[in-house]
Each structure stands twice: as C-alpha cells, then as structure tokens.
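Engineer: What would the 3D arrangement of this be:
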Amino acid sequence: RARRFFVEPALVAAPLLLMGLWLMGRRKPLQLYGIAHAIDRLLTALQLFDWESWPNFYSIHFHRIPEIPMSTVIATPDLRVYGSPVRHLIPTMGLRFELLPSQRVLSYSCDTEPCPEVVELAQDCDALIHESAGESKGHTSPAQAGVVARQAGAKTLYLIHYPTQADPQKMIEDARREFAGRVFVAQDGMSVDLG
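Structural biologist: Have a look, this model is predicted:
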C-alpha cells in the first residue's frame, strides 16, 4: 500500500539553495533563524543531502526562535526584528522589522488567518505585508487583511500570496472597504516604500 507524504516546498528548495551558495564559493558563515519546527525539518532535509560531508562547506549557525509573542529575533544598534506565532496550518511566525535610525517599521504577516498577533506585530507600522490567499483556515482575504491593517494603525498595506487568477483591482477594492490607507497588490521585484 502506497504511503503519501506532504513535502513542504521550502524544505526541498532550502538545501538546494544552500548547496548553490557553496557551489558559488561561499565561505562566510551563515546565520539561519527560525522556529524549532522549521529548523528541525531543514536539518532533516540537509541530512538527506549528506551536507556535512561536502568539502569546504561554510558553517551554518542555526538560531531557534521561541514561539512566544514578540520574541526578539535580531537586535542590533540599527535593527530590531521581532517574531510572533500566527495562525496557519503548520507552525508559522509573523515578523516586525524596526529600522532604528529612520524609525520606520515594516511588518509581515506570513501565512495566517486574521489574529491579534499580527495586529500587535503591525502596530503603527509604516507598511504591512499581509498574505491574501482567501478567507479559509490558515489564510486571509484582502478584506480581512484590510481589517488587520486598520486595527493595527498601519499606514500602507501590501497584499501578497494571492491566487494567480485574482483580479488585482478587486483585491484593492476589497481591502479599501476596510482600510483607508494606501493599498498595493505586490508583484515580483516590487520595492516597499516605508515613507
């Protein structure tokens, strides 16, 4: 009897990306941050590639982030990054980036249904990047993303992770019914304006 396995695409791509960096000559150590769920699965995938036997492979330092609200991920004089667990089908964290010299803030929902954790991460942010795959378990519609942006006091909302057949104008209209700030539908290669 055949068994079915769900393979997270990132866990297939991540070892290949790390191998590609090695093949291009990377020697500088790499810092990888993630929740235990993600780090453990990445290590398992890397073991399938026997990565520790690759000659002259650069060192990787794994940093497990606690799955508690507003965990400090990175803290430097110029940057603070915070993470909070959000509500998806698998353990996932949203992020808040505080650029200290400019006092600008960027927040990223990751895949999630609407939740207070994203509102907290996005509190008074200059830009909120929010997934908009549709109203379903673990995901958010453009209108729901608009509600989150309004509740957080965000200045700008960027909708990402949406169905390829979605009408960008309708997505913007749906979000604007709930949010009075600027709304954009993210595109590949787009820059995010923090003000």
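Engineer: which strands and helices sit next to the longest helix seen in the chain?
Structural biologist: For the chain, the longest helix by residue count, based on DSSP state H, is helix 9-23. Judged by 3 or more C-beta pairs under 8 Å, 6 or more residues apart in numbering; DSSP states H and E, the packing partners of helix 9-23 are helix 36-48. Using the backbone N, CA and C atoms, a C-beta is placed for each residue, glycine as well.
Engineer: Packing partners of the helix it packs on?
Structural biologist: By 3+ C-beta pairs under 8 Å, 6+ apart, helix 36-48 packs against helix 9-23, strand 30-34, strand 60-64.
Engineer: With respect to Gln123, which of the ones you listed lies nearest?
Structural biologist: strand 30-34 (21.7 Å; C-beta to C-beta).
Engineer: Contacts for that closest one, please.
Structural biologist: 18, 21, 39, 42, 58-65, 73-74 (C-beta atoms under 8 Å, 6 or more residues apart in numbering).
Engineer: what's in contact with the longest helix of the chain?
Structural biologist: 30, 38, 41-42, 44-46, 48-49, 51, 54, 56-58, 60.
Engineer: and if we set it to 7 Å?
Structural biologist: Residues from elsewhere that reach helix 9-23, judged by C-beta atoms under 7 Å, 6 or more residues apart in numbering: 41-42, 45-46, 49, 51, 54, 57-58.
Engineer: one step back: any of the contacts of strand 30-34 buried? List them.
Structural biologist: 18, 21, 39, 42, 60, 65, 73 (16 or more other C-beta atoms under 10 Å).
Engineer: in the protein, which spans are strands?
Structural biologist: 30-34, 60-64, 71-75, 79-86, 92-99, 104-108, 127-131, 156-160, 182-185 (DSSP state E).
Engineer: Can you say which of these is packed in most?
Structural biologist: strand 127-131 (a mean of 28; mean count of other C-beta atoms under 10 Å).
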